[in-house]
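Asker: need coordinates for the following:
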Amino acid sequence: MIAVPPFARVRAFGVAVLLVLTPFSGARPADEARRPIKLAVFALELDDFSAGGPLAGESVAETARLQRMTRLTRDLLAESGLFEIVDVSGSGAQMVAEHWLRKCNGCDAEAARDLGADMSFVGFFRKISVMEQCLELRIRDARTGQLVHVSQTDLRGETDESWSRALRFLIRYELVEPERARRAR
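Answerer: Model prediction:
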């Protein structure tokens with residue numbers, strides 16, 4: 001059982017992250033089954049439900065924070081050695097350009113497939129208020145479009161510290177450590 005830090009409450013639902021590699025863990029050579037997963041990590045998004053948020057749009061500070069958190073996400077995933085981060089800047093998909101992947105019902109899988117990735121990664125912060133927010137991460141199989149992982153944590157405060165702690169927590173405890181344990185078997 002993972003000890004949940006006081007800043008977060010984790011609700012993992014959907015299929016566990018160890019199933020992320022199900023398409024890659026069949027009867028194949030060990031070195032191929034352990035190769036890094038080509039992961040298209042799209043820019044993190046903001047889903048703002050706060051009072052006036054949808055009318056005002058994303059602030060300059062929020063846009064800058066999302067860019068910093070996207071870089072952090074890509075760095076943490078690449079540093080794990082489990083993922084090869086695919087450059088998504090060449091995607092011509094409209095939903096990618098508009099930062100609307102969280103609501104496109106899986107179009108991220110097609111965009112990832114077009115970029116040569118095995119999986120797509122979509123993450124977004126849902127802002128209820130300045131104090132109440134949550135982070136959700138979704139991974140889809142780029143070939144089938146099947147949602148293979150969803151994890152979520154609640155967080156408090158709209159700061160780089162709270163957002164980065166939530167990201168580090170989910171990436172470490174819901175993605176990296178379970179996959180390392182699976183590969184060690």
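
Asker: kindly list the longest helix within this protein.
Answerer: helix 60-79 (DSSP state H).

Asker: and after that helix, which helix or strand comes next?
Answerer: Counting by DSSP states H and E, the next helix or strand C-terminal to helix 60-79 is strand 83-86.

Asker: I'd like the next helix or strand past that following strand.
Answerer: Past strand 83-86, the next helix or strand by DSSP H and E is helix 94-97.

Asker: which elements pack onto that next one?
Answerer: helix 107-114 (3 or more Cβ pairs under 8 Å, 6 or more residues apart in numbering; DSSP states H and E). Glycine gets a C-beta too; all of them are placed from N, C-alpha and C.

Asker: which neighbouring elements make contact with the helix it packs on?
Answerer: Counting by 3+ Cβ pairs under 8 Å, 6+ apart, helix 107-114 packs on strand 37-41, helix 94-97, strand 119-127, strand 132-141.

Asker: again, only this time at 6 Å
Answerer: strand 119-127 (3 or more Cβ pairs under 6 Å, 6 or more residues apart in numbering; DSSP states H and E).

Asker: what residues does the strand it packs on touch?
Answerer: When contacts are defined by Cβ atoms under 6 Å, 6 or more residues apart in numbering, strand 119-127 is touched by residues 37, 39-42, 44-48, 50, 101-102, 108-109, 112, 133-140, 142.

Asker: quick one: L155 and S164 touch, right?
Answerer: No - the criterion here is Cβ atoms under 6 Å, and L155 misses it with S164 at 10.1 Å.

Asker: leaving out the residues flanking it, which one is nearest to R172?
Answerer: L76 (7.8 Å; Cβ to Cβ, 6 or more residues apart in numbering).

Asker: quick check: that neighbour vs A97, distance?
Answerer: Distance from L76 to A97, counting by Cβ to Cβ, to the nearest Å: 25 Å.

Asker: who has more neighbours out of those two?
Answerer: L76 (19 against 10; other Cβ atoms under 10 Å).
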